[in-house]
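Trainee: Just to be clear, the model below is a prediction. Sequence and coordinates:
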Amino acid sequence: NGFGPRYINTGPIDSVSVALTQSMREIVHVAEIVRGMLGDLWKALKTDDEQLAFAVGQRDDQVDLLDTQIKRFLTRQQVFQGDTGHPAEQMRQLRYLNELENVGDMIDKNLSELVAKKVRLGADFSAEGWRELDDIYGKVVENMLVADAVFTTRDPVLAQQVLRNTARPNQ
């Protein structure tokens with residue numbers, strides 16, 4: 001039983017609304033994988049677990065697979081004549097999916113390698129450095145959760161919170 005999409009239907013779909021709901025659920029699945037990657041990478045950093053860091057990087061392959069499948073699915077959906085809202089929703093979903101895929105790539109290509117380098121060098125952080133990293137990690141996780149909520153609810157107040165948090169990451 002190989003890894004693959006859970007929520008998108010490969011057969012014909014009569015309703016664009018149903019298709020967009022399926023793709024939204026699959027994108028939330030991608031977000032869960034990326035958050036799991038980040039959490040495990042943090043654990044690997046704290047415990048000097050190079051194998052876990054490597055395994056985290058491997059999960060980016062799952063993100064890449066789902067990214068490809070969801071994009072293919074979304075671009076196959078026919079927009080019915082007179083349909084004004086669906087193209088905008090397709091683009092909104094594609095943009096968020098692209099951001100998630102970029103985060104997965106950063107975790108895989110940059111952060112996983114930094115954990116491995118830290119382990120190989122036997123390096124460590126000061127107590128103050130760990131506190132700063134803990135704070136940054138907490139803010140990133142919070143922003144990811146809020147961004148997921150914004151994606152699923154389209155709540156403009158939450159969206160403003162994400163924008164404020166990303167504009168001033170050290171506050």
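Mentor: Nice, I can see it. Here the structure is a predicted model, which means the values were calculated and not measured. Residues are numbered from 1 along each chain as shown.
Trainee: okay, the residue nearest to residue 96 when sequence neighbours are not counted: pLDDT?
Mentor: Among residues not flanking residue 96 along the chain, residue 151 sits closest, at 5.1 Å (Cβ to Cβ, 6 or more residues apart in numbering). Backbone N, C-alpha and C define where each C-beta goes, glycine included. On the pLDDT scale, residue 151 is placed at 92.
Trainee: again with the one 10 residues further on
Mentor: Looking at residue 161, its pLDDT is 75.
Trainee: who are the neighbours in contact with it?
Mentor: Residue 161 is in contact with residue 146, counting by Cβ atoms under 8 Å, 6 or more residues apart in numbering.
Trainee: element containing it, please.
Mentor: Per DSSP states H and E: residue 161 is located in helix 156-167.
Trainee: Could I get the buried residue list for that helix?
Mentor: Neighbour counts over helix 156-167 (16 or more other Cβ atoms under 10 Å) mark 158-159, 161-162, 165 as buried.
Trainee: Show me what the lengthiest helix in the chain is packed against.
Mentor: Ranked by residue count and defined by DSSP state H, the top helix of the chain is helix 16-47. Applying 3 or more Cβ pairs under 8 Å, 6 or more residues apart in numbering; DSSP states H and E, one finds that helix 16-47 contacts helix 50-76, helix 86-106, helix 112-121, helix 127-153.
Trainee: Could you dump those into JSON lines and include distance to residue 15 and mean neighbour count?
Mentor: Listed next are the helices and strands packed on helix 16-47 as JSON lines, based on distance: least, Cβ to Cβ, whole Å; neighbours: other Cβ atoms under 10 Å:
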{"stretch": "helix 50-76", "distance to residue 15": "14", "mean neighbour count": "17"}
{"stretch": "helix 86-106", "distance to residue 15": "10", "mean neighbour count": "17"}
{"stretch": "helix 112-121", "distance to residue 15": "40", "mean neighbour count": "16"}
{"stretch": "helix 127-153", "distance to residue 15": "19", "mean neighbour count": "14"}
